[in-house]
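S.K.: dropping a prediction and its sequence here:
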Amino acid sequence: MLPSELASSPSRRTSTLAHLDLVSEIGRLKKEKNAVILAHYYQNEEIQELADFIGDSLELARVAQKSQADLILFAGVHFMAEGAKILNPSRKVLMPDLRAGCSLSDSCPPLAFERFRAKYPDHFVVSYINCSAAIKAQSDVICTSSNAVKIVNRIPKDRGIIFAPDRNLGAYVAEQTGRDMILWQGTCIVHETFSERKLIDLKVRHPDAEIIAHPECEATLLAKADFIGSTSALLKYAMESAKKTFIVATEEGILHQMRKKAPGKEFIPAPPNANCACNECPFMKLNTLEKVYLALRDETPEIQIPEDLRQKALLPLERMLEWSL
Ligand code: 13P
Ligand code: SF4
């Protein structure tokens, strides 16, 4: 690292913040700069607590599109903040840490995807929102985990479909819709981590518990689930179900809202294969309170997208929003 980079590196910048009350400083900066903080459910608790809006990818995209704030601080991962900029380009979109990527998005490089698509020139291209602007620009429509079935059902029955980049969500949607789909073979490192054997053990110890799972999990795990849905859908289900105990197969950040919104109930994270914290998304967890403060104070790092790419990525995103009304 060059000396100039070292001076502005996140660890160097955060080491001088110990004396600050970060929560009130963030509140002050938000007011002063007319900023809004949008956070995904997988953010750590302290960030969820100070967010103006918490949601799943679809809800966050909708809120970002309509935001009138001068600054949108997106506490999530890169494709989410990029999506906000695509939908609302006149706002300044900031991220606490630009390195917060996504294994699904990384699994689908634009050039390789172009070659893949070329093999099926007549196919309709559906891309999960967990992908880069360059992949969105090559797609006919975008979907999220909460609207994927609805979106695929809108595609004329005689059209072939390419689904990218998540093979697990793709397989789930193919099963739900009865459509044959060519799947890009990407996966999420977090949702692939859950152990079917340990899940069965856990269910034996908690026979009354319901298993609720995100559709990014593998098919063998989804087959054991009582309910499958996006993060918001899982939260809503847990709040409304008559059951008292839930085994939750998704990133553990969602448990914070579940425990807050359904205080009398028990939420048990589904166990990962190894004895690790692999059910935490390492990308989401790069965001910290210190980095949120610095991003608001210095108005950096900022999401920038070349205008021609933004225009191309906007069309399939807008189509998704229209089709999922
Ligand atoms: P949601 O669509 O449920 O927000 O999921 C986003 C995500 O990244 C899941 O890993
Ligand atoms: Fe990507 Fe998985 Fe993290 Fe979601 S949990 S942001 S899909 S790596």
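M.R.: Thanks, I have the structure now. Numbers count the residues shown, from 1 in each chain. Ligands and ions are numbered 1, 2, ... in the order given.
S.K.: please count neighbours and contacts with C-alpha atoms only from this point.
M.R.: Will do.
S.K.: residues near residue 276, how many?
M.R.: 10 (other Cα atoms under 10 Å).
S.K.: any figure for the gap between it and ligand 1?
M.R.: 18 Å (Cα to the nearest ligand atom, to the nearest Å).
S.K.: and the pLDDT at that residue?
M.R.: pLDDT, residue 276: 80.
S.K.: helix, strand or coil for it?
M.R.: Look at residue 276: counting by DSSP: H, G, I helix; E, B strand; the rest coil, its state is coil.
S.K.: now do the one 3 residues further on
M.R.: Assigned by three-state DSSP, the conformation of residue 279 is coil.
S.K.: and residue 24, its phi and psi?
M.R.: phi -70, psi -30 (degrees, to the nearest 10).
S.K.: make that residue 240, sorry
M.R.: Recorded main-chain torsions at residue 240 are phi -90, psi -20, according to degrees, to the nearest 10.
S.K.: what about it, how many residues nearby?
M.R.: 10.
S.K.: please report the distance of it from residue 147.
M.R.: 20 Å (Cα to Cα, to the nearest Å).
S.K.: could you do residue 78 as well?
M.R.: 21 Å.
S.K.: who's more crowded, these two?
M.R.: The residue with more neighbours, out of residue 78 and residue 147, is residue 78; 25 against 20, by other Cα under 10 Å.
S.K.: nearest spatial neighbour of the more buried one, skipping sequence neighbours?
M.R.: residue 101 (5.2 Å; Cα to Cα, 6 or more residues apart in numbering).
S.K.: residue contacts, that neighbour?
M.R.: Contacts were defined as Cα atoms under 8 Å, 6 or more residues apart in numbering; by that measure residue 101 touches 77-79, 283-284.
S.K.: how about residue 258?
M.R.: Residue 258 sits next to 235, 238-239, 267 when contact means Cα under 8 Å, 6+ apart.
S.K.: residue 93: helix or strand, and which one exactly?
M.R.: strand 92-94 (DSSP states H and E).
S.K.: tell me which other helices or strands that strand touches.
M.R.: strand 71-75, helix 78-87 (3 or more Cα pairs under 8 Å, 6 or more residues apart in numbering; DSSP states H and E).
S.K.: mean confidence for it?
M.R.: Rounded mean pLDDT across strand 92-94 is 98.
S.K.: residues contacting the following helix or strand past that strand, please?
M.R.: Remark: after strand 92-94, the chain's next helix or strand is helix 103-106, criterion DSSP H and E. For helix 103-106, contacts defined as Cα under 8 Å, 6+ apart pick out 79, 130-132, 165-166, 186-189.
S.K.: which pair in those has the greatest spatial separation?
M.R.: Maximum pairwise distance among those (Cα to Cα): 17.1 Å, between 132 and 189.
S.K.: comparing the two, which shows the higher neighbour count?
M.R.: Using other Cα under 10 Å, the more surrounded residue of residue 132 and residue 189 is residue 132, with 24 against 18.
S.K.: distance of the more buried one from residue 45?
M.R.: 27 Å.
S.K.: so which helix or strand takes in residue 151?
M.R.: Using DSSP H and E, residue 151 falls in helix 148-153.
S.K.: from the middle of its chain, how far away would that helix be?
M.R.: 18 Å (Cα atoms, centre = their mean, to the nearest Å).
S.K.: per-residue confidence averaged over that helix?
M.R.: Averaging pLDDT along helix 148-153 gives 98.
S.K.: who does the next helix or strand after it pair up with?
M.R.: Using DSSP H and E, the helix or strand that follows helix 148-153 towards the C-terminus is strand 161-164. Applying DSSP bridges, strand 161-164 is found paired with strand 124-128 (parallel), strand 181-183 (parallel).
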